[in-house]
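[1] need a structure here:
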Amino acid sequence: MDRRDLSDLLLFQIVAEEGNFTRAALRLGRSQSAISQAIGALERRIGVPLLARTTRSVRPTEAGQRLLRSLSPGLRLIEEGLTELKEARSGVVGALRLTAVEYPARAIMIPLLTGFLERYPNVTVDLHVSDRLTDIVGAGFDAGIRLGAHLEQDMAVVPLGPDVRATVIASPDYFARRGKPKRLEDLADHSCLNYRMPSHGNLFRWSFLQGERRVEMAVKGPLVTNDAHVMIEAALAGNGLSYMFEPFVSEHLAAGRLETCLEEFCPLWSGYHLYYPGRNQKSAALAALIDYLQSSRRRGI
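    Numbering: from 1, shown residues only. Here you go, the predicted structure:
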């Protein structure tokens, strides 16, 4: 390997992540032209273009995408090794990269992180909020937060809270106009608000329990959205029925702005969990976070 390759490969990864030479330059504290020249030299040494450039942005070529898939885990291991050396000398320090969907990030992690960051002032938490199901290893995250039903089999997990109940909700005005469905078959006669899954673009299928049997239903209605907050606002406005997890709408239910139906068919879903690659050694910062989360749960916080 050319001794310049490692540093230039890191530049390539950061430019690909930022999608822009200017943002990469700001992140690295280097000039845009120096980064562009370094990557150009890397492409000449490798013999293939790695980035497709436009006037406003850059994106990896097919060859660049293949390189990123193999590059990210290797650079991650180097970063972890350097972090471990620093931690051994200075205690629990460094950046902790987490990915989570909006609700657990806001309602679960932020309250818990307050005490954690007070205890470990040399740790910085980089919390990436996204509804997409993220490959945490490939994307360079230390850990993620998902519902238990969405966890990959090879991940180590830490429960963050109880199971959550699904609920079908609508506004009192909607129910006054259209009535409440009594059976699952009645949903065919109602306006149902659909949620488009950010990860693959399919519509979420409403999941119910009918006796011992799990039933998934495709529903139809006047609105499709990929944002839970928009879905709630549409339900509040009387646009139709929505399938939501109860904690998302508990305040609206308590205030009477929304009401439920089909309660006997709505299942419990496995609650939110912190998950991380069990086969890899944890950084001291992640180990400290896991210990803090577990002790907080034991104390009922």
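[2] would you map the helices across the stretch 101-250 of the chain?
    102-104, 110-119, 136-139, 172-178, 228-236, 246-255 (DSSP state H, counting those that start in this stretch).
[3] would you single out the least confident of those helices?
    In terms of average pLDDT, helix 136-139 trails the rest of the helices of the stretch 101-250 of the chain, at a mean of 80.
[4] residue ranges with poor pLDDT in the stretch 151-300 of the chain?
    Along the stretch 151-300 of the chain, the parts satisfying pLDDT under 70 run over 152-153, 279-281, 298-300.
[5] now with 90, please.
    For the stretch 151-300 of the chain, the stretches with pLDDT under 90 are 151-162, 197-202, 210-212, 227, 270-271, 273, 275-285, 291, 293-300.
[6] quick one: the strands in it?
    Under the criterion DSSP state E, counting those that start in this stretch, strands of the stretch 151-300 of the chain are mapped to 155-159, 164-170, 194-195, 206-210, 213-217, 224-225, 242-245, 259-261, 268-269, 272-277.
[7] kindly report the domain assignment for this structure.
    With domains defined by automatic domain parsing, the chain comprises 5-70, 91-161+271-298, 164-269.
[8] any chance of CSV for those, columns distance to residue 78 and mean neighbour count?
    Yep, even glycine has a C-beta here, placed from its N, CA and C like the rest. Shown next, in CSV, are the domains of the chain (distance: least, C-beta to C-beta, whole Å; neighbours: other C-beta atoms under 10 Å):
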stretch, distance to residue 78, mean neighbour count
domain 5-70, 8, 16
domain 91-161+271-298, 12, 17
domain 164-269, 29, 16
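[9] ok, which of these comes nearest residue 76?
    Nearest to residue 76, of all the domains of the chain, is domain 91-161+271-298, at 5.6 Å by C-beta to C-beta.
[10] how far does the closest one sit from its chain's centre?
    Its chain's C-alpha centre and that of domain 91-161+271-298 lie 11 Å apart, by C-alpha atoms, centre = their mean, to the nearest Å.
[11] among the strands of the stretch 151-300 of the chain, which is nearest residue 18?
    Using C-beta to C-beta, those put strand 272-277 closest to residue 18, at 24.7 Å.
[12] centre-most residue in this protein?
    The residue lying closest to the centre of the chain (C-alpha atoms, centre = their mean) is residue 100, at 3.5 Å.
[13] apart from its neighbours in sequence, what residue is nearest it?
    residue 145 (3.7 Å; C-beta to C-beta, 6 or more residues apart in numbering).
[14] correct me, but that neighbour touches residue 106?
    No - contact between residue 145 and residue 106 fails when scored by C-beta atoms under 8 Å: they sit 11.1 Å apart.
[15] distance to residue 77 added to the domains of the chain, as CSV?
    Formatted as CSV, the domains of the chain follow (distance: least, C-beta to C-beta, whole Å):
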stretch, distance to residue 77
domain 5-70, 12
domain 91-161+271-298, 8
domain 164-269, 26
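[16] so what sits opposite the residue nearest to the centre of the chain in the bridge?
    residue 129, residue 145 (DSSP bridges).
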